[in-house]
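Engineer: The sequence and its predicted three-dimensional model are supplied below.
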Amino acid sequence: MTSLKQSLKFAALGLAAVAAAVGLSTALPQPTQAQTGLTIFGGVEPEYRLGYLIDFNTPYSTNARYYLNIMRTKLPRDVISLEIDYPDTFNEIGGRINPDKIELRSGDWRGGEAIPLKVVDLYPDENRIEIIPEEPIPANTSLVVVLSDVRNPRRYGYHYFNLRMMYQGDVINQYTGTWPLEIATDNNQRTR
């Protein structure tokens, strides 16, 4: 029994040493900061993973369309604003988001009826999108954030887009979840 425990211990230490030697991260992503990269033994916790769909998902596509789904269970109260942050690497390797082609839809998948928006601001220096609807979005509503005419980065990679929402009566945004987007895959991508 002791030799089995020792073997397992050495195997675990060996795997950790290999991961450190090649520069892989074994840490979980922090919900307060967007990031990209390879994570082993981790990733987005299932309760925070958000589904998405990408059309025209090829490297350097200038007409990619991202459908970022938000399940109704993520809206326990009325929502007055949404904030999405994304990693520096998205811009650094050629990705661009068109602020004039951002919309919010009710429903899931690709969404249904458009929700009127008061403000859509893109802060490229901060890698942040702010969306404020004209009216608070009712609790238990499924939503889709649609980013059209996106220029994909020139290389394949995972890019973590984080969502924060401000609920009616709150004064700060609360972390809601993360879309672990697999971008520039040479095909349409869908996750749930």
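Structural biologist: Good, I have the coordinates. Residues are numbered from 1 along each chain as shown.
Engineer: For the spatially closest residue to residue 172 that is not a sequence neighbour, give me the pLDDT.
Structural biologist: The shortest distance from residue 172 to any non-neighbouring residue, by Cβ to Cβ, 6 or more residues apart in numbering, is to residue 166 (7.0 Å). For the C-beta atoms, the positions are set from N, CA and C on the backbone; glycine is no exception. Residue 166 is assigned a pLDDT of 98 by the prediction.
Engineer: Go ahead and report the secondary structure state at residue 166.
Structural biologist: Assigned with DSSP: H, G, I helix; E, B strand; the rest coil, residue 166 falls in the strand class.
Engineer: Quick check: it touching residue 176?
Structural biologist: No: using Cβ atoms under 8 Å, residue 166 makes no contact with residue 176, being 10.1 Å away.
Engineer: Specify the next element, helix or strand, located C-terminal of the helix or strand of the chain with the lowest mean pLDDT.
Structural biologist: The helix or strand of the chain with the poorest confidence is helix 2-21; it has a mean of 41 (mean pLDDT, DSSP states H and E). Following helix 2-21 in sequence order, the next helix or strand is strand 52-55 (DSSP states H and E).
Engineer: Work out the sheet partners of that following strand and label each with its direction, please.
Structural biologist: Neighbouring strands of strand 52-55 in its sheet, by DSSP bridges, are strand 64-70 (antiparallel), strand 189-191 (antiparallel).
Engineer: and the shortest one, average pLDDT?
Structural biologist: By that I understand strand 189-191. Strand 189-191 comes out at a mean pLDDT of 54.
Engineer: I'd say residue 133 and residue 118 touch.
Structural biologist: Yes: using Cβ under 8 Å, residue 133 is in contact with residue 118, at 6.4 Å.
Engineer: out of these two, which sits in the more crowded spot?
Structural biologist: More crowded of residue 133 and residue 118, by other Cβ atoms under 10 Å: residue 133, with 18 against 11.
Engineer: Which of the strands paired with strand 52-55 has the lowest mean pLDDT?
Structural biologist: Looking at the strands paired with strand 52-55, the bottom one is strand 189-191 with a mean of 54.
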